[in-house]
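>>> One predicted model, sequence on top.
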Amino acid sequence: MTNALSTRLRPALAEIFDARTEPVPAVSVAVLLDGELATVSFGARPAARFQACSISKPIAAATALRLGLDLDADVNDYLKSWRLPAPADWPAVVTVRHLLSHSGALTTHGFPGYAEGAPLPSLVEILDGEGPANTGAVRIDGVPGVMTRYSGGGYQILQLILEDLSGTPFAELARRLVLDPLGMDTAGYDVPPEIAEAHDKGERIEGGWHTYPEQAAAGLWCTPADLVRFFTALREAADGTGDFLPAELAREVLSEVVPGFGLGVQLTTDPLGDRFGHGGSNEGYRCGAEASRDGNWAIAAMTNANEGDALTLAMLTAVAETLGIPRTPKEPGNFDYPAWLARHTGEYRTSAGTVLHLDIVDGDLHLVLDGQPPLIFGPMSDATAYAPYAHAELRFAYADDRVESVTLHQFGSSILAVRQSVDG
């Protein structure tokens, strides 16, 4: 879609795509601002579909909410064809709310998908880790409702609930309750006729993509235009200007259940405006989407490579900067950003020997871990920094006014690293 908004965006995004250092063949970006939709693509036609990866989860959550599931019901009260086993000697209860917010203390973080020609497991085989399933059983191994534990397995329980309750295949139910009502015309769970094929290290993945029978957790194909339509519909429902969900329920979706998560969405607290959205990572695909809680915009970027994280983040950031979308600035108030950077850079080491490098690159704070692309953090206060795309926070500790350690927080977990060297 070419309009004044996309024409305005294209030069900045083209510069980023041309300057990329990672082998990412294609990226597609969409923004919905004040009701105007713009799309910009490089390396693929705008109509090409990408795997939405874990952004499939908000769609599944919305399907459950539109079907009218009781958020506080025990999942076993809904399940007919399988039961979630309780831990030995303790009848723990996992609710629908726990599934949607990753607070059910459930195993199975994510799924690798299945290569071309590989046998595909049934949904029950996935949940029990049996047959051709390539992941372990989904089980409770903690205290539900206490903290965040990201679980794609929980969304497969949700998929089975939806199918058991409705008697309808999940893909058909999601289309009827979410995709069609929102005009998400390019979205679906079957392989579409035109796709941006998946890549790893610059090479096409054999077969062109992995298949994800874990549809609720990772199985959606779409363009970023459909993602911004979806997240905009959530915001409008919460504001009372849309009818996709009842306003009270939509506001609950966008409210924190456990740190970092509402009901199906990741939450970001920002002094200049709270945001919500989700990131995604499938074999050969990386993507991200976010929207303003109180504003008028939604952005999504999708790539077709395992190395696409940095490009996804760069595209989301560039759209915001080009359009003047309010976000936390590098130098809030009288904050001395260069001095803050110099004070916190250096090498930090965990008790297990993992090294976290905090470096200044192009005037930004980069966290560098072996084998990973750099992750940009921006200061939220003198003692904290945040990476919105990864929903990760750094919290610094001081002794005699010098940085002594940093704790990395993400999805309810944390790890402490002690400073080893001081730069400058």
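Received, thanks.
>>> per-residue confidence for the most centrally placed residue in the chain?
The centre of the chain sits closest to G279, judged by CA atoms, centre = their mean, with a distance of 1.9 Å. If you check G279, the pLDDT there is 92.
>>> Can you tell me the closest non-neighbouring residue to it?
In this structure, G279 finds its nearest non-sequential neighbour in G288, 4.6 Å apart by CB to CB, 6 or more residues apart in numbering. Every C-beta, even on glycine, is put in place using the N, C-alpha and C of the backbone.
>>> Same question for I161.
Counting by CB to CB, 6+ apart, the residue nearest I161 is Y78, at 4.5 Å.
>>> Surely that neighbour and D164 touch.
Yes - contact criterion CB atoms under 8 Å: Y78 and D164 qualify, at 6.5 Å.
>>> Tell me which of those two has more neighbours.
Under the neighbour definition other CB atoms under 10 Å, Y78 and D164 were set side by side, and Y78 has more, 18 against 14.
>>> Run through the residues that contact that one.
69, 96, 161, 164-165 (CB atoms under 8 Å, 6 or more residues apart in numbering).
>>> what's across from V361 in the sheet?
D364 (DSSP bridges).
>>> if we can go back for a sec, could you give the average pLDDT over the helix or strand harbouring the residue nearest to G279?
Applying DSSP states H and E as the criterion places G288 in strand 285-292. Over the span of strand 285-292, the pLDDT mean works out to 95.
>>> Pull out the buried positions in the helix or strand just after that strand.
Of the helices and strands lying after strand 285-292 in sequence (DSSP H and E), the nearest is strand 297-303. Buried positions in strand 297-303, judged by neighbour count with 16 or more other CB atoms under 10 Å: 297-303.
>>> Ok, stretch 74-88 next?
Applying 16+ other CB under 10 Å to stretch 74-88 flags 75-76, 78-79, 82, 84 as buried.
>>> Could you check how far that stretch is from the centre of its chain?
27 Å (CA atoms, centre = their mean, to the nearest Å).
>>> residues of the least confident helix or strand in the chain by mean pLDDT that come out buried?
The weakest-scoring helix or strand in the chain, judged by mean pLDDT, DSSP states H and E, is strand 375-381 (a mean of 75). Neighbour counts over strand 375-381 (16+ other CB under 10 Å) mark 375-380 as buried.
>>> mind listing the helices for the stretch 251-400 of the chain?
Here the stretch 251-400 of the chain has its helices, by DSSP state H, counting those that start in this stretch, at 309-323, 337-344.
>>> Do I have it right that P169 meets Q159?
No - look at P169 against Q159 with CB under 8 Å: they stay out of range, at 9.7 Å.
>>> of those two, who's got more company?
Shown here are P169 and Q159; by other CB under 10 Å, Q159 has more neighbours (29 against 14).
>>> And that one, which helix or strand is it part of?
helix 152-166.
>>> how about the helices in the stretch 51-200 of the chain?
Under DSSP H, counting those that start in this stretch, the stretch 51-200 of the chain gives helices at 56-67, 75-78, 96-101, 123-128, 152-166, 170-174.
>>> got the angle between the least confident helix or strand of the chain and helix 309-323?
50 degrees (axes from the mean of the first three to the mean of the last three CA atoms, to 10 degrees).
>>> same for strand 375-381, what does it pack against?
Strand 375-381 makes packing contacts with strand 364-368, strand 384-387, strand 392-399 when contacts are defined by 3 or more CB pairs under 8 Å, 6 or more residues apart in numbering; DSSP states H and E.
>>> Of those strands, which stretch is the most buried?
Looking across the helices and strands packed on strand 375-381 with neighbours counted as mean count of other CB atoms under 10 Å, the highest average goes to strand 384-387: a mean of 20.
>>> contacting residues for A47?
Counted by CB under 8 Å, 6+ apart, A47 has contacts 186, 194, 223.
>>> Pick out whichever of these sits closest to Q51.
For the contacts of A47, the residue nearest Q51 by CB to CB is T223; the value is 11.3 Å.
>>> Could you list the domains of the chain?
Domain assignment for the chain by automatic domain parsing gives 4-323, 337-419.
>>> Could you single out the most deeply buried of these?
domain 4-323 (a mean of 20).
>>> Span of it from start to end?
12 Å (CA to CA, to the nearest Å).
>>> distance between it and the chain's centre?
Using CA atoms, centre = their mean, the mean C-alpha position of domain 4-323 is found 7 Å from that of the whole chain.
>>> Then stretch 339-355?
26 Å.
>>> average pLDDT for that stretch?
89.
>>> ok, residues contacting that stretch?
356-360, 363, 365, 369-370, 379, 382, 385, 396, 403, 405-406, 415-424.
>>> Alpha carbons of that stretch, as PDB, please.
Extracted C-alpha coordinates of stretch 339-355, given in PDB (Å, rounded to 0.1, in the frame of the first residue of the first chain):
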ATOM      1  CA  ALA A 339      28.000  10.300  31.500                       C
ATOM      2  CA  TRP A 340      25.400   7.600  32.400                       C
ATOM      3  CA  LEU A 341      26.700   5.400  29.500                       C
ATOM      4  CA  ALA A 342      30.300   5.800  30.600                       C
ATOM      5  CA  ARG A 343      29.500   4.900  34.100                       C
ATOM      6  CA  HIS A 344      27.700   1.700  33.300                       C
ATOM      7  CA  THR A 345      29.700   0.100  30.500                       C
ATOM      8  CA  GLY A 346      32.100  -2.800  31.200                       C
ATOM      9  CA  GLU A 347      32.200  -6.500  31.600                       C
ATOM     10  CA  TYR A 348      29.900  -8.300  34.100                       C
ATOM     11  CA  ARG A 349      30.100 -12.000  35.000                       C
ATOM     12  CA  THR A 350      27.500 -14.300  36.500                       C
ATOM     13  CA  SER A 351      28.300 -17.000  39.100                       C
ATOM     14  CA  ALA A 352      28.100 -19.500  36.300                       C
ATOM     15  CA  GLY A 353      30.800 -17.700  34.300                       C
ATOM     16  CA  THR A 354      28.500 -16.100  31.700                       C
ATOM     17  CA  VAL A 355      29.900 -12.800  30.600                       C
END
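>>> Give me the nearest residue to A187, chain neighbours excluded.
C222 (3.8 Å).
>>> If you could redo that for Y285, that was the one I meant.
In space, Y285 is closest to Q51, 4.3 Å off (CB to CB, 6+ apart).
>>> For the one you found, which residues are in contact?
By CB under 8 Å, 6+ apart, the neighbours of Q51 are 198, 209, 212, 218, 220-221, 280, 282, 284-285, 287.
>>> Okay, now the unreliable bits of the stretch 301-424 of the chain?
327-335, 380-381, 388-391, 410-413, 421-424 (pLDDT under 70).
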